[in-house]
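S.K.: Got a sequence here, can you model it:
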Amino acid sequence: MKFPVASIGPLDALCFLCCLCLSWLWCFGATPAAAQGLGNIGGRPIRIIVPVAPGGPSDTAVRILVPRLSEALKQTLVVDNRPSNNGVAGTEIAARANPDGLTLNIGNSGTHAINPSLYKTLPYDPVRDFVPIIQIVTSGMVLVATPKLPVNSFRDFVALAKKDPGKLNMAVAGATGELAGDALWKQLGIKMTNIQYKGSAPSELAVVSGEASISMLTPLATQNHLQTGRMKAYGITSSTRSPVLPDVPTLAEQGVTGYDIQYWTGLFLPAKTPDAIVRAGHKAAVSALQTNEVKDRLRALGLQAVGNTPEEFRAIVKRDVEKFRKIIIESGIPRL
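M.R.: Residues are numbered from 1 along each chain as shown. Okay, here's the model as predicted:
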């Protein structure tokens, strides 16, 4: 039995090939998420949401990292500053972004570890709504004092504070510094009066002028003041000394047992981002952090490059959420 053979013209052949190609793409996974993710073609820039104003430690760290990260990913990165109270609004925007690899979030110990216990209602969950990529930097806070304070050592400062409870005051520039102080005063049995300032610069000026007795500030904020004698340092809150202030001992070295509070900055993606994109982002970030240029520029600002795994970073976030929750409860800080 013979079957009729249909003749196929050029147009029919072209249609057949198009259908075949579309079927292949459908079957083998060229989905939009894969085509637009980290390091893939498409020409769309990656937005990095930074929930703080330009110039702070988190913003500075990411701007140092961006050129090398862009090279590693072979994509354009755009820094999008969204400053707000304690970084809440910008972090919420990042949490609600599509999990396609085109939106990154810069989070820090304030946005991801302190805010969950500081607010009665927080529009994001730092563990549930984000996938950690890498911890970029960490730094201790520096306990600094006005030159007008008549004591030059941490030991003498503690004695002075206990002699006149509540007389000394602390310029507060942010949540991490405030809680670092609260934890220290509780451990030492000191009563301190906190004065709220809108940012690091006003707090620095308050200490320099003598309007405030002390403050907890980043090495970046204190370095020049210490070199010129406009401030004096009593100690570092982290378990290791600062690379830019090697002569300033840690508070743990000076007898505050187990005391270790650090300010950190890290890179996150929205929850449900495919693991392949997370791994690509981590690989690129490690590559960028390992360059001598990036490490040297961060170190010059008193920031220690980290570069851990997503799993290690997630454990740090969970640990610090619990650490700061305990400090907030024990200090009796009212929730916002």
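S.K.: which residues touch the closest residue in space to Met231 that isn't next to it in sequence?
M.R.: Leaving out its chain neighbours, the residue that sits closest to Met231 by Cβ to Cβ, 6 or more residues apart in numbering is His225, at 4.0 Å. The way it works is simple: take the backbone N, C-alpha and C, and place the C-beta from them, glycine included. By Cβ atoms under 8 Å, 6 or more residues apart in numbering, the residues touching His225 are Val144, Glu204, Val207, Val208, Met231.
S.K.: His225 - that's part of a strand, no?
M.R.: No: using DSSP: H, G, I helix; E, B strand; the rest coil, the assignment for His225 is helix, not a strand.
S.K.: Minimum pLDDT in the contacts of His225, which residue is that?
M.R.: Ranked by pLDDT, the contacts of His225 bottom out at Glu204, which has 93.
S.K.: Helices of the stretch 201-336 of the chain, start to end?
M.R.: With helices called from DSSP state H, counting those that start in this stretch, the stretch 201-336 of the chain shows them at 219-227, 275-289, 292-300, 310-331.
S.K.: try the stretch 1-150 of the chain
M.R.: Per DSSP H, counting those that start in this stretch, the stretch 1-150 of the chain carries helices over the ranges 10-28, 32-36, 57-73, 88-95, 109, 115-118.
S.K.: Of all the helices of the stretch 201-336 of the chain, which one is nearest His112?
M.R.: With respect to His112, and counting by Cβ to Cβ, the nearest of the helices of the stretch 201-336 of the chain is helix 310-331 at 5.6 Å.
S.K.: Can you name the residues in contact with the closest one?
M.R.: Applying Cβ under 8 Å, 6+ apart, the external contacts of helix 310-331 come out as 109, 112-114, 116-118, 126-127, 131-135, 179, 182-183, 186, 261, 264, 266, 278, 282, 308, 335.
S.K.: before we move on, back to that, most neighbours, which of the contacts of His225?
M.R.: Within those, most neighbours by other Cβ atoms under 10 Å means Val207, with 29 neighbours.
S.K.: Could you tell me the angle between the longest strand anywhere in the chain and helix 310-331?
M.R.: Scanning the chain for the strand with the most residues, using DSSP state E, yields strand 130-140. Orientation note: strand 130-140 sits at an angle of 70 degrees relative to helix 310-331 (axes from the mean of the first three to the mean of the last three Cα atoms, to 10 degrees).
S.K.: tell me what strand 130-140 is packed against?
M.R.: Strand 130-140 is packed against helix 57-73, strand 103-108, helix 219-227, strand 262-270, helix 275-289, strand 304-305, helix 310-331, with contacts defined by 3 or more Cβ pairs under 8 Å, 6 or more residues apart in numbering; DSSP states H and E.
S.K.: Repeat the analysis, applying 6 Å as the threshold.
M.R.: strand 262-270, helix 275-289, helix 310-331 (3 or more Cβ pairs under 6 Å, 6 or more residues apart in numbering; DSSP states H and E).
S.K.: Would you agree Leu289 is in contact with Val306?
M.R.: No: Leu289 lies out of contact with Val306 (Cβ atoms under 6 Å); the separation is 7.7 Å.
S.K.: Give me the more crowded residue out of those two.
M.R.: Taking other Cβ under 10 Å, Leu289 and Val306 do not tie; Leu289 has more neighbours (21 against 18).
S.K.: quick one, what contacts the more buried one?
M.R.: Shown in contact with Leu289 (Cβ atoms under 6 Å, 6 or more residues apart in numbering): Ala305, Gly307.
S.K.: go on, Leu168?
M.R.: Residues near Leu168 by Cβ under 6 Å, 6+ apart: Ala161, Ser213.
S.K.: Could you rerun that using 8 Å?
M.R.: With the criterion set at Cβ under 8 Å, 6+ apart, Leu168 makes contact with Leu149, Leu160, Ala161, Met192, Thr193, Ser213, Ile214.
S.K.: Check the gap between it and Gly210 for me.
M.R.: In this structure, Leu168 and Gly210 are 12 Å apart, going by Cβ to Cβ, to the nearest Å.
S.K.: How many residues are close by the closest residue to Gly189 other than its chain neighbours?
M.R.: Sequence neighbours aside, Lys162 is the residue nearest to Gly189 in space, at 7.0 Å (criterion: Cβ to Cβ, 6+ apart). Using other Cβ under 10 Å, Lys162 has 12 neighbouring residues.
S.K.: What are the buried residues along the host helix or strand of Lys162?
M.R.: Secondary structure from DSSP states H and E places Lys162 in helix 154-163. Residues of helix 154-163 classed as buried by neighbour count (16 or more other Cβ atoms under 10 Å): Phe154, Phe157, Val158, Leu160, Ala161.
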